[in-house]
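>>> Got a sequence here, can you model it:
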Amino acid sequence: MKSTQTRFGLQVVWFLAIVLLGPTMALADCSVFSHVTLDLALGSVAPDPATNGGFGLNMWATVVDRDGVVCAIARTGNPGDQWPGSRVISAQKANTANAFSLPGIAISTANLFSAVQPGGSLFGLQESNPVDTSVAYVGSSATWGTENDDLVGEKIGGVNVFGGGLALYDESGLIGAIGVSGDTSCADHVIAWRTREALGLDDVPAGPNGGFGPGSDDNIIYDVVGSNGNFRSMSGFGHPTCSPASPVP
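I've put the predicted structure just below:
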């Protein structure tokens with residue numbers, strides 16, 4: 001069995017190789033996204049607690065381009081059927097996954113949970129890029145989740161460190177990210193994962209789940225043990241489980 005030091009060394013080698021030799025980054029471009037496409041993809045996945053976990057609540061989804069510009073926002077259900085606060089959280093998650101992913105490495109918001117806790121290597125990251133409140137809450141709520149949502153075309157900012165944000169990759173490379181919010185953080189991740197798949201933007205090069213090596217990805221890792229501030233993640237990229245269910249997509 002390899003020692004912890006050896007395994008860590010191999011992960012570092014893979015990390016550097018992927019960063020240096022990974023595909024080139026695509027140019028930022030909102031034209032590859034549309035409200036209709038996002039709405040259809042999200043609607044094909046959520047809500048479905050039998051497969052997604054959580055409570056089967058209605059969801060918000062936001063897509064940003066590589067520059068962090070909001071390209072589209074969608075929701076399931078009728079107006080008012082969703083948690084209002086989750087609209088901005090979905091955009092925050094998209095911004096986070098885009099901001100901390102690279103052409104050769106995808107980092108999901110779920111992958112960040114453990115590292116930002118007190119004593120973690122990224123403690124304080126969640127405070128580093130605050131949401132721009134001057135654009136987050138402007139306009140009429142009647143437009144929320146439509147193609148005329150006032151967030152579209154704006155840079156929302158923000159860092160979110162629980163499940164629901166994923167980088168988006170097509171054949172050209174990293175093109176932006178999606179954020180999903182509205183249920184438990186575990187369900188948010190699963191729904192984001194399946195929505196990304198429905199969009200056909202899941203050509204993920206590598207990630208923490210699998211140690212950054214061949215076949216690795218940015219899927220949620222349930223390896224957190226302990227609770228109430230006294231916990232640890234065996235991988236360093238783990239996320240707590242959620243009640244009532246914590247499926248892996």
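>>> F237 reaches F212, doesn't it?
No. Contact criterion C-beta atoms under 8 Å: F237 and F212 do not qualify, at 9.9 Å. The way it works is simple: take the backbone N, C-alpha and C, and place the C-beta from them, glycine included.
>>> Let's check: the centremost residue of this protein is which one?
G165 (1.0 Å; C-alpha atoms, centre = their mean).
>>> bridging residues for it?
G179 (DSSP bridges).
>>> Low-confidence regions, the chain specifically.
1-28, 228-229 (pLDDT under 70).
>>> mind checking the backbone torsions on the nearest residue to Y222 once chain neighbours are set aside?
Once flanking residues are discounted, Y222 sits nearest to T241: 5.4 Å by C-beta to C-beta, 6 or more residues apart in numbering. T241 has phi and psi values of phi -80, psi 160 when expressed as degrees, to the nearest 10.
>>> And for T241, the neighbour number?
When neighbours are counted by other C-beta atoms under 10 Å, T241 registers 14.
>>> For the residue nearest to the centre of the chain, give me its contacts.
G165 is in contact with 92-97, 108-110, 177-180, 192, counting by C-beta atoms under 8 Å, 6 or more residues apart in numbering.
>>> Could you double-check that H35 sits in contact with L151?
No. If you go by C-beta under 8 Å, H35 and L151 don't touch, sitting 11.6 Å apart.
>>> Give me the common contacts of the two.
What both H35 and L151 touch, as defined by C-beta under 8 Å, 6+ apart, is the set I73.
>>> ok, now which ones touch the closest residue to M59 other than its chain neighbours?
Nearest residue to M59, sequence neighbours excluded (C-beta to C-beta, 6+ apart): G182, at 3.8 Å. Applying C-beta under 8 Å, 6+ apart to G182 gives the contacts 46, 57-60, 75-76, 82-83, 86, 90, 188.
>>> ok, now with 7 Å
Residues in contact with G182 (C-beta atoms under 7 Å, 6 or more residues apart in numbering) are 57-60, 82-83, 86, 188.
>>> which of these tops the neighbour count?
Neighbour counts for these were taken using other C-beta under 10 Å; the highest belongs to D188, with 35 neighbours.
>>> Assess the claim that that residue and I178 are in contact.
No. In this structure D188 lies outside contact range of I178 using C-beta atoms under 7 Å: 10.8 Å.
>>> by contact count, what packs against the helix or strand containing R196?
Secondary structure assignment for R196, by DSSP states H and E: helix 185-199. On a contact count with 3 or more C-beta pairs under 7 Å, 6 or more residues apart in numbering; DSSP states H and E, helix 185-199 meets helix 35-43, helix 49-52, strand 165-170, strand 173-181.
>>> Kindly recompute the last result at 8 Å.
helix 35-43, helix 49-52, strand 60-65, strand 165-170, strand 173-181 (3 or more C-beta pairs under 8 Å, 6 or more residues apart in numbering; DSSP states H and E).
>>> quick one: the fourth one to helix 185-199, angle?
To tie it back to what came earlier, the one meant is strand 165-170. 10 degrees (axes from the mean of the first three to the mean of the last three C-alpha atoms, to 10 degrees).
>>> Surely G120 touches F113?
No. The pair G120 / F113 is not scored as a contact, 9.1 Å apart, by C-beta under 8 Å.
>>> ok, these two, which is more surrounded?
Taking neighbours as other C-beta under 10 Å, G120 and F113 compare with F113 leading, 25 against 17.
>>> Contacts only, for the residue lying closest to F33 once chain neighbours are set aside.
Once flanking residues are discounted, F33 sits nearest to C71: 4.1 Å by C-beta to C-beta, 6+ apart. Counting by C-beta under 8 Å, 6+ apart, C71 touches 30, 33, 63-65, 152, 176.
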